[in-house]
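Asks: Prediction below, plus the sequence it came from.
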Amino acid sequence: MNQGITQTRLEDHFITESGARLESPEVAYKTWGTLNGGRDNVVLICHALTGHAAADEWFPGIFGKGNICDPDQHFIICINVPGSCYGSVGPQSVNPQTGRPYRNDFPELTIRDMVRFQQQFLDQLGINGIELVIGGSMGGMQALEFIIMDRRSRSAVLIAMGKAHTPWAIGISHAQRTAITNDPGWKDGNYELNEGPFRGVAAARMMAMITYRAPEDYNRKFGRKLQNEDGQFQIESYLNHQGEKLAKRMDAHTYITLTKAMDSHDISRGRSDFEQVLDRVEIPVQVIGIRSDHLYPIAEQKELADLLPNGRYAEIDSPAGHDGFLIEFDQLNEIIIPFVKHKELQFI
């Protein structure tokens, strides 16, 4: 487990939207700073698909004195979502009914399950107010549902996602899951971390890396340059490396569970229409798009900002595509710091 991450359990059971009951499930989390007397100086960071609770490792540019996440001012917390393989309950956890890891028997999850899981843990910690909830991609989906579902939130930053997972994004996720389940190592769902051959997870990651970046970024970084005398292109070598690296740390069942949860993202599901759902969100919300994002195009973020009564839109100019929110920290800070410092005045 990453340094500084704490693992504990929910004091009570957790029931998923599908009705599955998890008894006192594991929770992995990391905090920075100190809670104030009102227990409401909280910044909640929601992580993306392959992320984990150590947000300072993958979101380092927003931490520091005078920054969005300032441990001298805020109590910052990032909670590993259920379904993950980084400490919270997930497919590699032991199923108490069988004494073996859940694997394919792990219950289906939704983005709302992730939010309710975090709500339950924040209740357990006695959190009374959340100054800011922030997330990008899958983390942004959680953050959006959080401000709909939890009255403690006073402001939010939503990055590189929309009001619902589109057919385009669902189709990409389906192709990745198909690559995993067609791996010879899948063996009817008995695929375990660190048991190879990892071809399915690696292939899924390669597909993802193509959608996370943009053509102009790959043109600039690789062109048509060859990696070696065998005639392999540099882009092929890069994707092979990224695929193998993730396959060594990411459980196949987790990848399937979390991408299906992302497909569930639809704030109108079981509620009213999008306009009515978002019209009830009165807090200030900064929505951020990335100009070169092909996975979640900026039209989705512009629409979301327009539907939020106190929403505003800003854009990152980057050739890095969807991954821009994990790279362009200077631009993120230029957008978010003024928002969090003056959010009370911006929407009068």
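Replies: Received the coordinates, thanks.
Asks: okay, CA-based contacts and neighbour counts for the rest of this
Replies: OK.
Asks: Buried residues of stretch 169-176, list them for me.
Replies: Across stretch 169-176, burial judged by 16 or more other Cα atoms under 10 Å covers 169, 170, 172, 173, 174, 176.
Asks: My error: substitute stretch 119-127 in the last question.
Replies: Of the residues in stretch 119-127, those with enough neighbours to count as buried (16+ other Cα under 10 Å) are 119, 120, 121, 122, 127.
Asks: send the alpha carbons of it over as CSV?
Replies: As requested, C-alpha coordinates have been extracted for stretch 119-127 and formatted as CSV (Å, rounded to 0.1, in the frame of the first residue of the first chain):
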residue,chain,number,x,y,z
GLN,A,119,-20.5,9.6,2.7
GLN,A,120,-20.8,6.7,5.2
PHE,A,121,-17.1,7.0,6.0
LEU,A,122,-17.2,10.8,6.3
ASP,A,123,-20.1,10.4,8.7
GLN,A,124,-18.0,8.0,10.7
LEU,A,125,-15.3,10.6,10.9
GLY,A,126,-17.8,13.2,12.1
ILE,A,127,-17.3,15.5,9.1
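Asks: Can you tell me what sits against that stretch?
Replies: With contacts defined as Cα atoms under 8 Å, 6 or more residues apart in numbering, stretch 119-127 is touched by 10, 11, 39, 40, 42, 150.
Asks: let's go with 10 Å and repeat that
Replies: Contacts of stretch 119-127 with the rest of the structure, by Cα atoms under 10 Å, 6 or more residues apart in numbering, involve 8-14, 27, 29, 35, 38-42, 44, 77, 79, 113, 115-118, 128-130, 146, 149-150, 152.
Asks: For that stretch, what is the distance to the chain centroid?
Replies: Between the mean C-alpha location of stretch 119-127 and the chain-wide mean there is a distance of 20 Å, by Cα atoms, centre = their mean, to the nearest Å.
Asks: Touching, residue 276 and residue 268? I think so.
Replies: Yes - in this structure, residue 276 is within contact of residue 268 by Cα atoms under 10 Å, at 8.7 Å.
Asks: burial measure for residue 338, as a count.
Replies: Neighbours of residue 338 under the rule other Cα atoms under 10 Å: 12.
Asks: buried residues in stretch 301-311?
Replies: Taking 16+ other Cα under 10 Å as the basis for neighbour counts, the residues of stretch 301-311 that come out buried are 301, 302, 304, 305, 307, 308, 309, 310, 311.
Asks: Can I get the buried ones among the contacts of stretch 119-127 as something I can paste into ChimeraX?
Replies: A single ChimeraX command is used to select the members of the contacts of stretch 119-127 judged buried by 16+ other Cα under 10 Å:
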select :10,14,27,29,35,40,41,42,44,77,79,113,115,116,117,118,129,130,146,152
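Asks: pLDDT weak spots in the chain?
Replies: Within the chain, the stretches with pLDDT under 70 are 1-3, 188-197, 343-348.
Asks: Got the domain ranges for it?
Replies: 6-166+267-346, 169-261 (automatic domain parsing).
Asks: and the residue lying farthest from the centre of the chain, what helix or strand is that in?
Replies: If you look at how far each residue of the chain sits from its centre, by Cα atoms, centre = their mean, the farthest one is residue 229, at 39.1 Å. In this structure, residue 229 sits in neither a helix nor a strand according to DSSP states H and E.
Asks: residue boundaries of the strands in the stretch 51-200 of the chain?
Replies: Across the stretch 51-200 of the chain, reading from the start of the chain, the strands by DSSP state E, counting those that start in this stretch fall at 75-79, 94-95, 100-101, 130-136, 156-159.
Asks: circling back to that earlier point, what's the most buried one of the domains of the chain?
Replies: Mean neighbour counts were compared across the domains of the chain using mean count of other Cα atoms under 10 Å; the top stretch is domain 6-166+267-346, at a mean of 19.
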